[in-house]
Structure formats: C-alpha cells, structure tokens
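Participant: have a look at this prediction, sequence included:
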Amino acid sequence: MKTQIESMRARFCEQAAAADTPDKLEELRIAYLGKKGEITGLLKELRALPDDEKKEAGRLINALKEEAENTVARRTEELRNAAEESAVRHARRYNPTIPHTADHGSYHPITLVQRELEEIFTGMGFTVEDYPEIVTDYQCFASLNIPPYHPARDMQDTFYLENGQLLKTQTSAAQNHIMRKYGPPLRAIFPGRCFRNEATDACHENTFFQMEGLMIDKDISISNLIYFMKTMLSEVFARPIRVRLRPGYFPFTEPGFELDINCLICGGEGCPSCKNSGWLELCPCGMVHPNVLREGGIDPELYTGFAFGLGLTRLAMMKYGIKDIRDLNAGNLPILAQFGNR
Ligand code: FA5
C-alpha cells in the first residue's frame, strides 16, 4: 500500500500544480478528498489490512490527506491573490490626482461602456432602442405588473411631475413599448438615464444609467439568460469575472434573480464601493412574467423571454476602477479627461 500512496501523492501534486483556476482545484479536491475520492477510498481500504500494517498505512494516508487539503487551500489562495492583483493593476488606469492637461474634450466613461455593450449585443442579433426619460405611470409601473399601491413601488423613490408623469426610474419602463413595437420574436437592448430620489453615497446616485435587455422567442429559458450575461461580462472585462446569481424579487419577472460580480476595486475584500460586502449588485434579471407578456400583446403560452437591467454606471465604475460614483456626474474634467480616446 505504501507504493500506492506514494504514486497517488505524486499524481496529486502534479495535477494540483497544473490546476490554474479555483474551479479546477475544486474538481481535484472532490476527485481526491470527496466522499468517493481516491484518498477517501484508501482510508476505506484500511479495514481490510492485517493489524501490523494498519497503523503505518493509516499514518501515511492521513499525512497525504492533510497535505492534499493544505495544497488545495494554498493554491486556491494563490490563484485568488493573482486575480486580485490583476484587478488592482487594471484599476490603476484611473488616477484622480492627475492634473488636467488635455485641451480637447473626451468621451464620458459611461458613453464608452455603453458603446462597447451595444457592439457586443448587436453582434448577438440585438437591436438598440431609444426611449424617453419622462414616462407615464403605466409604462414605468402598471404595464410591469406593478399596479397602483403595490408595495414594490416603494423600492424606487420616484420623482413625479405635476402632470402625473414621472422621471423614468428604470429602463424596464420601455419593455411594454418594445414588445408592442416588434412583437415576438425579439431581441433588443435599451440603454437610458434613470432617476430616483436617493441619498447619494459612493455607489448610489440620484441620476444613473441602466441598460435593459429583452429577448422573447419560443423556448427561451434561464440557460439562455445565463449564457448572454456571461458572454457579455467576459467580453466587457476581457478576463474571467466571478459572478453569483441569487434569487431576486421583481414583480415583472418569474423567477427573478440578482446577478452580482466580485468587486474589482477591492478584489472582494470589502470597500466603500461595494459597501464592504466584496460583491457589487450589477445586473438584476429574470424570466419575463406572463402578465407582462400578455400586457405587451404576446401570448405567454407560446412565447417566453428573459429581461435584464444592467447598472451601466456601476459597470463603468468596475471597468475603470472608479471608486466613487459621484465622480461620474460631477463634471470634474481632470477625472473625466483620462478616459478620452479609449
Ligand atoms: C431595476 O431597476 C429593474 N428594472 C431591473 C430588472 C430588469 C430586473 C429586468 C429584472 C428584469 P434595480 O432597482 O435593482 O432593478 O436596479 C438595477 C441596477 O441599477 C442595480 O443593480 C444597480 O446596478 C443600478 N442602480 C440602481 N439604483 C442605483 C443608484 N441609485 N445609483 C446607481 N446605480 C443604481
């Protein structure tokens, strides 16, 4: 058994050194240390050994188990550190202390991110739609399965105009219009400025940008939603991004999700930009609620679809390492000029 343990150890070390992502290390951990793993298997075989060999073999297997556990933990840590370092290097492109020397204008970081996303999505067959900033209650709420007095209205502190119209709180306000304009099947994105009566902080503004996406066709499922989200994020950041999907509630989706990305400012450690959580809520999404399809003139028995509401402003912060959202609306040229010509 000693030779068997030695050769298993050599094989494990070789595979651990070759594993270059936390996911691959997790696969390795399961293959060796999981319930049906190879090292666990060796421990089970101990029982069949004669008493005089049992003690020594047990010691060797336990030593191998400990070494494997430590190696997986150490390598995972190393890979996470490397990813964080690269995030910090990326973030260094933005420096609020650089004096303003440019004698020409430049594109705003949100414009740059918006254009990049438009390119990515048009490449996947989506059209780009425009929509007003002043909308009706029906467009922003009622058509989205949020009738008057629905508690979900409280989640978006709304600026109402005297004539009963309102400043769009979410790009979802255009969903009904787009559904009626094109009918199924459809693929569209609609970027836009949104307004909420928010107390501002490093990651909240009263005026910010979102980009809505809507895809409706026969047999659209959550897998399609995940595919498009992952493709878009990996193209925008040009590197693998850690995301997490958790249940989220929106009256216009069923089911609904929150898609968070690992904070690229602090690498997940926690900082004011991510409210010390290490994660940044970036893209709520979900399957379009049958009532919303019906309201848009689409038969939910025949068609399904997904929608997402990407926080464009927050995406620009993550992409360029901008630590405070307020820098984006402050009209501070020394800061904004750094993004020109990208
Ligand atoms: C919505 O606005 C939904 N309409 C999104 C949606 C669309 C869900 C389609 C499902 C299907 P939420 O209120 O969470 O959801 O805002 C969406 C994103 O906008 C947030 O994740 C965040 O990135 C951004 N956002 C929201 N409020 C602010 C704010 N005050 N400042 C900056 N960004 C904000």
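Facilitator: Yes, it's here.
Participant: ok, longest helix in the protein?
Facilitator: helix 51-91 (DSSP state H).
Participant: report the rounded mean pLDDT for that helix.
Facilitator: On average, the pLDDT along helix 51-91 is 83.
Participant: I'd like the next helix or strand past that helix.
Facilitator: The C-terminal neighbour of helix 51-91 among helices and strands, as given by DSSP states H and E, is helix 109-122.
Participant: pull the residues that contact that following helix.
Facilitator: Residues outside helix 109-122 that contact it (Cβ atoms under 8 Å, 6 or more residues apart in numbering) are 128, 189, 191, 209, 211, 213, 231-232, 235-236, 310, 312-313, 315-316, 319-320, 322, 328, 336, 339, 342. Quick note: C-beta positions are derived from backbone N, CA and C, even for glycine.
Participant: among the residues you listed, which are in strands?
Facilitator: The strands, defined by DSSP state E, take in 128, 189, 191, 209, 211, 213, 310 from the contacts of helix 109-122.
Participant: any idea how many residues pack against the first one?
Facilitator: It stands for Val128. 16 (other Cβ atoms under 10 Å).
Participant: and the gap between the residue nearest to it when sequence neighbours are not counted and the ligand?
Facilitator: What sits nearest to Val128 in space, not counting adjacent residues and going by Cβ to Cβ, 6 or more residues apart in numbering, is Glu118, at 5.1 Å. According to Cβ to the nearest ligand atom, to the nearest Å, Glu118 stands 18 Å off from the ligand.
Participant: where does the prediction get shaky in this structure?
Facilitator: Applying pLDDT under 70 to the chain flags the ranges 84, 87-96, 98-104, 340-342.
Participant: tell me the domain ranges of it?
Facilitator: By the record's domain assignment, the chain is partitioned as 2-89, 109-336 (automatic domain parsing).
Participant: what about the first one, distance to the chain center?
Facilitator: Taking Cα atoms, centre = their mean, to the nearest Å, the mean C-alpha location of domain 2-89 is offset from the chain mean by 31 Å.
Participant: repeat for the longest one
Facilitator: Here the centre of mass of C-alpha atoms in domain 109-336, compared against the chain's by Cα atoms, centre = their mean, lies 12 Å away.
Participant: if I read this right, Met215 contacts Leu186, doesn't it?
Facilitator: Yes: between Met215 and Leu186 a contact is recorded at 7.2 Å, counting by Cβ atoms under 8 Å.
Participant: and the residue of this protein nearest the ligand?
Facilitator: Nearest to the ligand in the chain, going by Cβ to the nearest ligand atom, is Gly311, at a distance of 1.8 Å.
Participant: which residues of this protein lie near the ligand?
Facilitator: 170, 172, 196, 198, 204-205, 208, 210, 212, 250, 253, 256, 281-282, 284-286, 307-309, 311, 313-314, 325 (Cβ under 6 Å from any ligand atom).
Participant: show me what Gly305 is bridged to.
Facilitator: Per DSSP bridges, residues listed as beta-bridge partners of Gly305: Ile216.
Participant: if I look at it, how far off is Glu254?
Facilitator: Relative to Glu254, Gly305 is positioned 11 Å away (Cβ to Cβ, to the nearest Å).
Participant: re earlier: apply the buried test to the contacts of helix 109-122 and list what passes.
Facilitator: The neighbour count (16 or more other Cβ atoms under 10 Å) marks 128, 189, 191, 209, 211, 213, 232, 236, 310, 312-313, 315-316, 319-320, 322, 328, 336, 339 as buried among those.
Participant: which stretches of the stretch 151-300 of the chain form strands?
Facilitator: Using DSSP state E, counting those that start in this stretch, the strands of the stretch 151-300 of the chain run over 166-167, 186-195, 207-217, 243-247, 253-262, 279-288.
Participant: can you redo those strands as JSON lines with distance to Met8?
Facilitator: Below are the strands of the stretch 151-300 of the chain laid out as JSON lines (distance: least, Cβ to Cβ, whole Å):
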{"stretch": "strand 166-167", "distance to Met8": "65"}
{"stretch": "strand 186-195", "distance to Met8": "51"}
{"stretch": "strand 207-217", "distance to Met8": "48"}
{"stretch": "strand 243-247", "distance to Met8": "34"}
{"stretch": "strand 253-262", "distance to Met8": "34"}
{"stretch": "strand 279-288", "distance to Met8": "37"}
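Participant: out of those, flag the one nearest Gly123.
Facilitator: Nearest of the strands of the stretch 151-300 of the chain to Gly123, taken as Cβ to Cβ: strand 186-195 at 11.5 Å.
Participant: any idea of the angle that closest one forms with strand 207-217?
Facilitator: 160 degrees (axes from the mean of the first three to the mean of the last three Cα atoms, to 10 degrees).
Participant: walk me through which strands strand 186-195 pairs with, and which way each runs.
Facilitator: According to DSSP bridges, strand 186-195 has these partners: strand 127-128 (parallel), strand 207-217 (antiparallel).
Participant: the helix or strand following the first one pairs with which strands, and in what direction?
Facilitator: Think strand 127-128. Following strand 127-128 in sequence order, the next helix or strand is strand 134-135 (DSSP H and E). Strand 134-135 pairs in its sheet with strand 166-167 (antiparallel), by DSSP bridges.
Participant: hmm, who's touching the strand it pairs with?
Facilitator: 133-137, 140, 158-161, 194-195.
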